[in-house]
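In: take a look and give me a structure for this.
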Amino acid sequence: MPGTLRTVLTVSGMLLAALTGPAQAGQEGTLMAVKTASLYDFTVDDIDGQPVSLAQYRGKVLLVVNTASFCGNTPQYADLQAMYEQYKERGLEILAFPANNFGQQEPGTNQEIKSFCFTKYSLTFPLFSKISVKGADKHPLYQYLTEQSPFPGEVEWNFQKYLVDRSGNVVGRFHHRTKPLAPEVVKEVERVLAAK
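Out: Modelled structure (predicted):
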């Protein structure tokens, strides 16, 4: 009987943990690391603050990029837009996440960032709310990308890129100085798009 009770309590505890979801730290605002099975498990806010489930991108090839408006790499927005226009019909989505982690190069509000990106670069790919991509307040999506993907390691600077296949697997990571239309990036994007 004690073994049965222990089993019931263990299963009950696991069920309670699953129902209550991942914990977040209190007043400090620090997010706890969460083990996640897939990129599709995340919900993030778009640039207007509306929640977006990344599950809606299931079946698409994704290029996930941390961005900044006042960086030497900021002109990469133009290449990202060109890449999006070239490959969106084949299933590519580019997900841009503004971040202010490097040199305070993204100091603006979400509305200022949106205005800058749409006015200067005429972006048509998804732009999300500003997040942190490293440090104690690292967003859970970037915890996943930097700690649980096959390409671990901290984000080094603005415009680092992660390539995700149609099944949600991270299959590539590109240096922040590597431009989106560089041959090695285009080759990998085309390879992943061709794999159905």
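In: pull the distance from stretch 173-190 to the chain's centre.
Out: Per CA atoms, centre = their mean, to the nearest Å, the displacement of stretch 173-190 from the mean C-alpha position of its chain is 17 Å.
In: kindly report the same for stretch 134-143.
Out: Taking CA atoms, centre = their mean, the mean C-alpha location of stretch 134-143 is offset from the chain mean by 10 Å.
In: list the buried residues for it?
Out: Using 16 or more other CB atoms under 10 Å as the burial criterion, the residues of stretch 134-143 that qualify are 134, 138, 139, 140, 141, 142, 143. Heads up, the C-betas are built off the backbone N, CA and C, glycines and all.
In: over to stretch 109-124?
Out: By neighbour count on 16+ other CB under 10 Å, the buried set for stretch 109-124 is 110, 113, 114, 116, 117, 121, 123.
In: about what we covered before: just the closest of the buried residues of stretch 134-143 to residue 72, please.
Out: Of all the buried residues of stretch 134-143, the one sitting nearest residue 72 is residue 134; the distance, using CB to CB, is 18.6 Å.
In: distance of that closest one from residue 140?
Out: Using CB to CB, to the nearest Å, residue 134 is found at 13 Å from residue 140.
In: which ones are touching residue 132?
Out: Shown in contact with residue 132 (CB atoms under 8 Å, 6 or more residues apart in numbering): 99, 100, 101, 138, 139, 142.
In: how about a cut-off of 10 Å?
Out: With CB atoms under 10 Å, 6 or more residues apart in numbering as the criterion, the residues that contact residue 132 are 31, 66, 97, 99, 100, 101, 138, 139, 142, 155.
In: spatially nearest residue to residue 149 (excluding sequence neighbours)?
Out: Nearest-residue entry for residue 149: residue 170, 3.8 Å, with adjacent residues in sequence omitted and distances by CB to CB, 6 or more residues apart in numbering.
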